[in-house]
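K.L.:
task: produce atomic coordinates for the following.
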Amino acid sequence: MRIANFHHFGGVHGESAAIKNLLSFTGVVHPHTGTPLSEALCFGIAGGLGIGYSFCPSIPRHQLGSGITIVGRHKSYVTDASWYQGCFDRLGIPTRRTETTGAARAYRNLVAELEEGRPAVVWCGRALLPYLHEPVELGSYFMHTFLVHEIDESAGIAHGSECAPTEVTLSLETLEHARQGVCSHRNRTLSIAPQRALSLATLRSAVHAGLQACLHELTQPKMKTFSLHGLETWAKMIENNTAKDGWGRVFGTTLLSCALRDVYDSIVTRETGGDLFRGLFASFLDEAAILLDRPALADLARDYRRLGARWRSLAESALPASCPPLHALRDLLDTRAELFVTQGQQADAAIAETAGKLRALDQNLRQHWPLDRDDTATLLGGLREQILALYQDETAAVERFRSALA
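P.N.:
Numbers count the residues shown, from 1 in each chain. Sure thing, here's the model as predicted:
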């Protein structure tokens, strides 16, 4: 069950890379250039960026980590297929989705897609995909999607398309376990039908609709956590020792390094482009400015690139060079991410070694927090000031976004 001539790999962000690679395989091209749609264009049509501060208290309660994610993508809170579906609907591309609670049925559904020559997106527990080398104890707390384009039953393996430049491979047993590991909406597949030529009018409409979806979520958020107000909440909690979700009360010094690590990871190294998706969205805005003949969107792109640099700076402040153990965490996170996006599973041994060093350093920092009380207060206070400044500037950018679309 191999799809012939599938050679579409690589990307910045897992989901938008999957859309890019799926569209490229089915022959969808830009009507102006005749080339496949860029990942940035796919990202923007799907809704682009988001903002917020997410905290899952179950994770620190069980001593698994911090439970913190800095939100940067549109609809990152959804567990259904609506982020993908929104993109394909805006492009007028029919999809087919299957979902089942049974592992055997899930396998048959996936095989049926491949037999029809349709690569399929699958939903998995991120920590259950061994090639990512993330802490397995996090299990189904985080979802991850990628494209499956081949199953070799005789060898018992599946091949997929990821952010890596070459295919990833995992056993069918592991794939089944990872698909079952999603806490809701298990065993989903999504594929698209072969396409006719994409018209310029349709592409323009899709780009405009993606911009509108992004702006709507930024200005009328479904949940306060996944909104600009989430940054205010974060700023209030980061130095708070008494509130239920205050960092001092929840993390103390035992899990504080986990919180700072997760801040850095979710901004820089978890498939964000290194800057909480701001650079990827800015590239989309540059393309949208030309397609829609709206120069104000190109100006907005420059704003978001500057914001991206600011987010990167905040992340680096969370794991500062002035504290060698925390800076070592940063270096290891960078190395693990860089190895995967540049070499994929060819670097599996090096990625595993890096992940092992991360685990060892994490355990050491839980037992031996490296800063005294005053230095800890200075670190958290400095982060708070950066968060509040970013809240103000992200809010101002949203207003310029609104004006650019008016």
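K.L.:
drop to CA atoms for contacts and neighbour counts, all remaining ones
P.N.:
Noted.
K.L.:
would you map the helices across the stretch 51-200 of the chain?
P.N.:
For the stretch 51-200 of the chain, applying DSSP state H, counting those that start in this stretch gives helices covering 58-61, 82-90, 103-115, 172-180, 200-219.
K.L.:
let me have those in JSON lines, extended by distance to Gly248, mean pLDDT and mean neighbour count.
P.N.:
Below are the helices of the stretch 51-200 of the chain laid out as JSON lines (distance: least, Cα to Cα, whole Å; pLDDT from 0 to 100; neighbours: other Cα atoms under 10 Å):
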{"stretch": "helix 58-61", "distance to Gly248": "12", "mean pLDDT": "91", "mean neighbour count": "15"}
{"stretch": "helix 82-90", "distance to Gly248": "35", "mean pLDDT": "96", "mean neighbour count": "19"}
{"stretch": "helix 103-115", "distance to Gly248": "43", "mean pLDDT": "96", "mean neighbour count": "17"}
{"stretch": "helix 172-180", "distance to Gly248": "34", "mean pLDDT": "95", "mean neighbour count": "20"}
{"stretch": "helix 200-219", "distance to Gly248": "29", "mean pLDDT": "97", "mean neighbour count": "19"}
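K.L.:
can I get the ones you listed in a markdown table including distance to Arg186?
P.N.:
As requested, these are exported to a markdown table (distance: least, Cα to Cα, whole Å):
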| stretch | distance to Arg186 |
| --- | --- |
| helix 58-61 | 21 |
| helix 82-90 | 15 |
| helix 103-115 | 9 |
| helix 172-180 | 6 |
| helix 200-219 | 26 |
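K.L.:
then stretch 180-194 to CSV, C-alphas only?
P.N.:
In CSV, the C-alpha atoms belonging to stretch 180-194 read as follows (Å, rounded to 0.1, in the frame of the first residue of the first chain):
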residue,chain,number,x,y,z
GLN,A,180,-5.3,5.3,20.5
GLY,A,181,-3.4,7.6,22.8
VAL,A,182,-5.4,10.7,22.0
CYS,A,183,-7.7,11.5,24.9
SER,A,184,-10.6,12.4,22.6
HIS,A,185,-11.5,11.9,19.0
ARG,A,186,-9.4,8.8,18.6
ASN,A,187,-8.3,7.1,15.3
ARG,A,188,-9.2,10.0,13.0
THR,A,189,-8.1,10.1,9.4
LEU,A,190,-8.5,13.0,7.0
SER,A,191,-7.8,13.0,3.3
ILE,A,192,-8.6,15.2,0.3
ALA,A,193,-9.9,14.4,-3.2
PRO,A,194,-7.7,14.9,-6.3
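K.L.:
gap between stretch 115-125 and the chain center?
P.N.:
Centroid separation for stretch 115-125 versus its chain: 19 Å, with Cα atoms, centre = their mean, to the nearest Å.
K.L.:
how many residues are close by Asp374?
P.N.:
8 (other Cα atoms under 10 Å).
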